[in-house]
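K.L.:
Starting from these lines, generate the structure:
(chains A and B)
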Amino acid sequence: MLAVAKRMLRDQTAAEEAVQDAFISAFKSVGAFNGESKLSTWLHRITVNAALMKLRKAGRLRETSIDTMLPAFADDGHRARPVAAWPSADEERAQTRQTVMKAIDQLPDIYRAVLIMRDVDGLSTAQAAQLLDITEPAVKVRLHRARMALRELLDQPMREGSL
Amino acid sequence: MTTCKEVVDFLLKYLENELPQSQRAEFERHLQGCSCCRNYLDTYRETIRLSKCCMCDGPDAPKIPDDLVAAILKAKSNK
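P.N.:
Next up is the predicted model:
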């Protein structure tokens, strides 16, 4: 649960507080746990929610532009610069993991939260929309933009083969 | 004719099989003739894979303690 909260909040103390909130919330709403999903899935959802509450309270889920982190195009719709292939990366290497984690940390919270929920924690679009209190199309737009920005951030280290 | 920008705009819909058949065919025609967009698609997919692999807890991550699970289930049965 702490790892889940830390992924969302990027801060040990805030993550510990979120886990504490999640425990309280879990005990308060234990009657709502219907046993259909695994207990770990239920606790995971509650932890994500507690972390999101903290982000919201801190005003970290405000709409933020990431246009400068997105791919650029010429007026005719062609690419402003060529796109090179990436050599295969070894995700078991500490350096690879660190580079990817650092790149994800550079995304604004509002985009990082969606990317973590969908691509890391495996939540569905509908589940992410419910937790973030936004529409499913809005989740998809944010997820796509988050992935594109992350791809740009990883482009140079990947092309240099440093992963 | 599909442009590189449109490929990027519709990439998510393409990957989630949400493009209408005609648009999908047009999209794939563009990919066949554009190595930049093929590279972009591959590296977009690799970005998703790396996010998952590098941010997940891994098999050695601590599991939810058994006594916590037992306490929650006990609390539930007492409600």
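
K.L.:
Point me to the residue of chain A nearest chain B.
P.N.:
A:G77 (2.9 Å; Cβ to the nearest Cβ). Bear in mind the C-beta positions are built from the backbone N, C-alpha and C, glycine included.

K.L.:
Now for that residue: which residues touch it?
P.N.:
B:3-6 (Cβ atoms under 8 Å, 6 or more residues apart in numbering or on different chains).

K.L.:
Among those, list the two that are farthest apart in space.
P.N.:
By the measure Cβ to Cβ, B:C4 and B:E6 form the most distant pair in those, at 7.4 Å.

K.L.:
For the residue of chain A closest to chain B, grab phi and psi.
P.N.:
phi 90, psi 0 (degrees, to the nearest 10).

K.L.:
quick revisit: top of the contacts of A:G77 by neighbour count?
P.N.:
B:C4 (21 neighbours; other Cβ atoms under 10 Å in any protein chain shown).

K.L.:
What residues are bridge-paired with the residue lying closest to it once chain neighbours are set aside?
P.N.:
Spatial nearest neighbour of B:C4, excluding adjacent residues (Cβ to Cβ, 6 or more residues apart in numbering or on different chains): A:R79 at 4.8 Å. On the basis of DSSP bridges, A:R79 is bridged to A:F73.

K.L.:
and the host helix or strand of A:L43, what does it pack onto?
P.N.:
Per DSSP states H and E: A:L43 is located in helix A:39-57. The helices and strands touching helix A:39-57, judged by 3 or more Cβ pairs under 8 Å, 6 or more residues apart in numbering or on different chains; DSSP states H and E, are helix A:2-9, helix A:12-28, helix A:109-115, helix A:125-132, helix B:66-78.

K.L.:
The residue nearest to B:C4 and B:V7 touch, don't they?
P.N.:
No. A:R79 is beyond contact range of B:V7, at 9.5 Å (criterion: Cβ atoms under 8 Å).

K.L.:
shaky segments in chain A?
P.N.:
Low-confidence segments of chain A (pLDDT under 70): A:34-37, A:162-163.

K.L.:
residues contacting the residue nearest the centre of it?
P.N.:
Geometric centre of chain A, nearest residue: A:I116, 2.5 Å, by Cα atoms, centre = their mean. Neighbouring residues of A:I116 by Cβ under 8 Å, 6+ apart: A:7-8, A:104, B:55.

K.L.:
which residues are common contacts for B:C4 and B:E6?
P.N.:
In terms of Cβ under 8 Å, 6+ apart, B:C4 and B:E6 are both contacted by the residues A:77, B:30.

K.L.:
what's in contact with stretch A:128-139?
P.N.:
A:45, A:48-49, A:52, A:61, A:113-114, A:117-118, A:123, A:125-126, A:142-143.

K.L.:
try 7 Å
P.N.:
Contact partners of stretch A:128-139, identified using Cβ atoms under 7 Å, 6 or more residues apart in numbering or on different chains, comprise A:48-49, A:52, A:113-114, A:117-118, A:125-126.

K.L.:
Near chain B, which residues of chain A are found?
P.N.:
A:3, A:7, A:26-27, A:30-31, A:33, A:39-40, A:43, A:71, A:73, A:77-79, A:82-86, A:89, A:91, A:96-97, A:100-101, A:104, A:115-116, A:119-120, A:140, A:144, A:147, A:150-151, A:154 (Cβ under 7 Å from any Cβ of the partner chain).

K.L.:
Thanks a lot, catch you later.
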